[in-house]
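Asks: what would the 3D arrangement of this be:
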Amino acid sequence: MDPAHIQGTPELYYQAQQEAYERYWRQLGLRMNHSQPPTLPLPGSPSHAQQHSQASVLAIPYYDLPQRDYVAKRRFQSKSPILFRTQTTEYIRLLDALQGTLHGLLGPNDTVFSGDNLSQKQSIRLEIVGCPSYERQINVRNPANNGKSITRAKVAEKIAKEIADYMKRHTVPLGEPSLGLGPGMQGYERIVLIGLRHVSMSSWQPILGLIPT
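Replies: The predicted model follows:
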């Protein structure tokens, strides 16, 4: 792994997103209202166990999968990131999500998209450095639950499938060759999903990382 690819956390990604937005709106002479940084989910166990779990989460390394920051062209009310964690990691593996084996995911049945006027579809945007921009819409409302938001686990499965389909269509390495991704599904098992950032009115950008080889 190239040492230039630094380890990150959801908090740092969220802060970087907010700073990018603020720079953009300052250039336009406008002001944008942001959500407060999220309270990150941790196991609901006694204090000592919770502290131990948090230390374990932060001790397991992953590295940033470099992406360009997508910046909205119109004002919108930014929502807090949707995060994906387990009892022992601050990420989930895409391969586990693709196979439906997210047994340790925290809050798997939480509905994660909010709002009385939630649209049927939201866009997922990938801005991987060295690759063209990619956008695909996913259904985020569950007809079996009175049209309410789909769950955290279901969102993870949809993201994992979209990225798998995206990689299958690539006949050349994905991003920088040093990442070891592609052609095709090569390296997919190393990609982790940390969260989703709200980047425009109806768009979300996955926060992705890589497990070192």
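Asks: how close does residue 106 get to residue 133?
Replies: 31 Å (C-beta to C-beta, to the nearest Å). Backbone N, C-alpha and C define where each C-beta goes, glycine included.
Asks: which of those two has more neighbours?
Replies: residue 106 (18 against 10; other C-beta atoms under 10 Å).
Asks: wait, isn't the more buried one in contact with residue 89?
Replies: No: counting by C-beta atoms under 8 Å, residue 106 does not reach residue 89; the two are 10.1 Å apart.
Asks: how about the CA coordinates for the top strand by length along the chain, as PDB?
Replies: For the chain, the strand with the greatest residue count under DSSP state E is strand 191-200. Extracted C-alpha coordinates of strand 191-200, given in PDB (Å, rounded to 0.1, in the frame of the first residue of the first chain):
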ATOM      1  CA  ILE A 191     -13.000  -2.700  -0.100                       C
ATOM      2  CA  VAL A 192     -14.900  -1.500   3.000                       C
ATOM      3  CA  LEU A 193     -17.900   0.800   3.400                       C
ATOM      4  CA  ILE A 194     -17.600   3.400   6.100                       C
ATOM      5  CA  GLY A 195     -20.500   5.600   5.400                       C
ATOM      6  CA  LEU A 196     -22.600   7.600   3.000                       C
ATOM      7  CA  ARG A 197     -22.200  11.400   2.700                       C
ATOM      8  CA  HIS A 198     -25.100  13.500   1.700                       C
ATOM      9  CA  VAL A 199     -23.700  15.600  -1.200                       C
ATOM     10  CA  SER A 200     -26.700  17.100  -2.900                       C
END
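Asks: okay then, goodbye and thanks.
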